[in-house]
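K.L.:
model the following, please.
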Amino acid sequence: MMLTSRQERILCKVVDDYLRTGQPVASKSIAADSEFDCGSSTVRNELALLEEQGLLAHPHVSAGRVPTDSGHRYVVDLMLSSGEGLEVQRRMELSLIRREVEEAMRTTSETLSQMTNLLAVVSAPSLNTATIRHVEVLALQPEVAMVVVISSTGGVSKLFATFDRPVDSGLLAWAGEYLRERLVGFGLGARMLQQRLIDPSLSAPELAFLARLVPAFGDLAADTEDELYVDGTARLFSAGQIEDAAQLEGLVGLLERRVSLLRVLRAALGQRDIFVRIGGENEIPAMRSLALVATGYGVAQRKLGAVSVIGPVRMDYAGAIVTVREAANELSRFVEDAYAES
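P.N.:
Okay, the predicted model is just below:
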């Protein structure tokens, strides 16, 4: 697909504005930008042509345009081929400690997630124990609640609980706060969980509600041989970047099926540099409302694993590409030193 220089600039403008605002971009705002030496009618015509080529979509008759998955892909390919916008703005300070590979993975995933506000996934060795990292209690429908449990090794478990009547929003909020306060940082043993949850001061309705949520923790209890380290799931929830139920379902479903996620990351190892999959480009149904930016790390000509971020299609691709590349470079330097010393 070949675009004119003006069309490429207009497409990039739509993608940038949509990333910043999350709203459709109007032709009037583009024409008002001094970067474009053309009138509103010319801009409208170019937008229509871009829409015909499947790069933009028109949500409503009176609305502006939003980029499609193909539009995001075109702009990402432009960045990767030209390097424009991919300059390192600030160096990553991972402070990798040369004691354990697990510590390097932990530091990499935490720093990567903090810098991008996205879900960070890094290949990691098996861990023998797991603790609870985060608990979220959400309302999917008035009578349906969902609890999401995230372990320290990145394991995710979800449970749907259906009630006879609408669940009180205050009870949902209280349950989330209570479970986080009581369980975060503790191991996944069933006996310990029961002891932590029992509080004589709780009312009968509160105890009954908690009892419906407890089975969600059981699925993670045997999660002792993770091959991935995941960070930032809670950050995605709190930052409001999960915009709809499809993204939520996709993200949680992907983390539950870790074998599928590993397969996606292995595909990144076959690429020389950055591996990007946007929305419908993903083969796994759970990821078709999400986007992935990944690259491999390792020693010499051998790639040992992958560093990646996952988030909504409306993500800062330039920032994600730069940060993932930097994290992989840092991790490669660390493992090269570790191999040299061993």
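K.L.:
any idea which helix or strand carries M79?
P.N.:
Counting by DSSP states H and E, the element that carries M79 is helix 69-82.
K.L.:
so, low pLDDT: which residues of the protein?
P.N.:
61-62, 89-102, 124-130, 152-155, 187-195, 218-227, 236-250, 256, 301, 337-342 (pLDDT under 70).
K.L.:
make it 50
P.N.:
96-99, 125-128, 190, 222-226, 342 (pLDDT under 50).
K.L.:
may I have the beta-bridge partners of the closest residue to S109 other than its chain neighbours?
P.N.:
Take S109 and drop its neighbours on the chain: the residue closest to it by C-beta to C-beta, 6 or more residues apart in numbering is D231, 4.0 Å away. C-betas here are computed from N, CA, C, even on glycine. Here D231 sits in beta bridges with A120, as judged by DSSP bridges.
K.L.:
got the contact list for D231?
P.N.:
Counting by C-beta atoms under 8 Å, 6 or more residues apart in numbering, D231 touches R106, S109, E110, L112, S113, L119, A120, G154.
K.L.:
contacting residues for the third one?
P.N.:
Put plainly, it is E110. A120, D231.
K.L.:
list the buried residues of the helix or strand hosting it.
P.N.:
According to DSSP H and E, E110 maps onto helix 101-116. Within helix 101-116, the residues scored as buried using 16 or more other C-beta atoms under 10 Å are 101, 104-113, 115-116.
K.L.:
and it, how far out from the chain middle?
P.N.:
14 Å (C-alpha atoms, centre = their mean, to the nearest Å).
K.L.:
now stretch 11-23
P.N.:
Distance, centroid of stretch 11-23 to centroid of chain: 19 Å (C-alpha atoms, centre = their mean).
K.L.:
next: stretch 74-93.
P.N.:
19 Å.
K.L.:
contacts for that stretch, please.
P.N.:
Outside stretch 74-93, the residues touching it (C-beta under 8 Å, 6+ apart) are 1, 3, 8, 11-12, 15, 55, 67, 111-112, 115, 273-274, 276, 278, 317-318, 321-323, 325-327, 330.
K.L.:
quick one: the helices in the stretch 201-342 of the chain?
P.N.:
Listed in chain order, the helices of the stretch 201-342 of the chain (DSSP state H, counting those that start in this stretch) span 204-213, 215-218, 233-238, 245-256, 258-269, 317-341.
K.L.:
ditto for the stretch 51-200 of the chain
P.N.:
69-82, 101-116, 169-183, 190-197.
K.L.:
of those, which is nearest G305?
P.N.:
helix 101-116 (8.4 Å; C-beta to C-beta).
K.L.:
relative orientation of that closest one and helix 317-341 in degrees?
P.N.:
160 degrees (axes from the mean of the first three to the mean of the last three C-alpha atoms, to 10 degrees).
K.L.:
how about K13, what does it touch?
P.N.:
Per C-beta under 8 Å, 6+ apart, neighbours of K13: V25, I30, D33, E35, F36.
K.L.:
which of the three states applies to the last one?
P.N.:
Spelled out, that is F36. coil (DSSP: H, G, I helix; E, B strand; the rest coil).
K.L.:
what's the neighbour count on it?
P.N.:
16 (other C-beta atoms under 10 Å).
K.L.:
the third one now?
P.N.:
Close neighbours of D33, defined as other C-beta under 10 Å, add up to 13.
K.L.:
alpha carbons of stretch 13-26, in CSV - could you do that?
P.N.:
These are the backbone C-alpha positions of stretch 13-26, laid out as CSV (Å, rounded to 0.1, in the frame of the first residue of the first chain):
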residue,chain,number,x,y,z
LYS,A,13,-1.6,13.1,13.0
VAL,A,14,-4.8,11.1,13.4
VAL,A,15,-3.0,8.3,15.2
ASP,A,16,-1.1,10.7,17.5
ASP,A,17,-4.3,12.7,18.4
TYR,A,18,-6.3,9.6,19.0
LEU,A,19,-3.6,8.2,21.2
ARG,A,20,-3.6,11.4,23.2
THR,A,21,-7.3,12.0,23.5
GLY,A,22,-9.0,8.6,22.8
GLN,A,23,-11.6,10.6,20.7
PRO,A,24,-12.3,10.6,17.0
VAL,A,25,-10.1,13.2,15.2
ALA,A,26,-12.0,15.8,13.1
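K.L.:
for the remainder of this discussion, apply numbering that starts at 19.
P.N.:
Got it, first residue is 19 now, which makes that one stretch 31-44.
K.L.:
buried ones in it?
P.N.:
For stretch 31-44, by 16+ other C-beta under 10 Å, it's K31, V32, V33, D34, D35, Y36, L37, P42, V43, A44.
K.L.:
what's the farthest-apart pair in these?
P.N.:
Among the buried residues of stretch 31-44, L37 and A44 lie farthest apart (C-beta to C-beta), at 15.7 Å.
K.L.:
I'd like the distance between the nearest residue to D51 once chain neighbours are set aside and G82.
P.N.:
Leaving out its chain neighbours, the residue that sits closest to D51 by C-beta to C-beta, 6+ apart is K31, at 6.7 Å. To G82, K31 is 11 Å away according to C-beta to C-beta, to the nearest Å.
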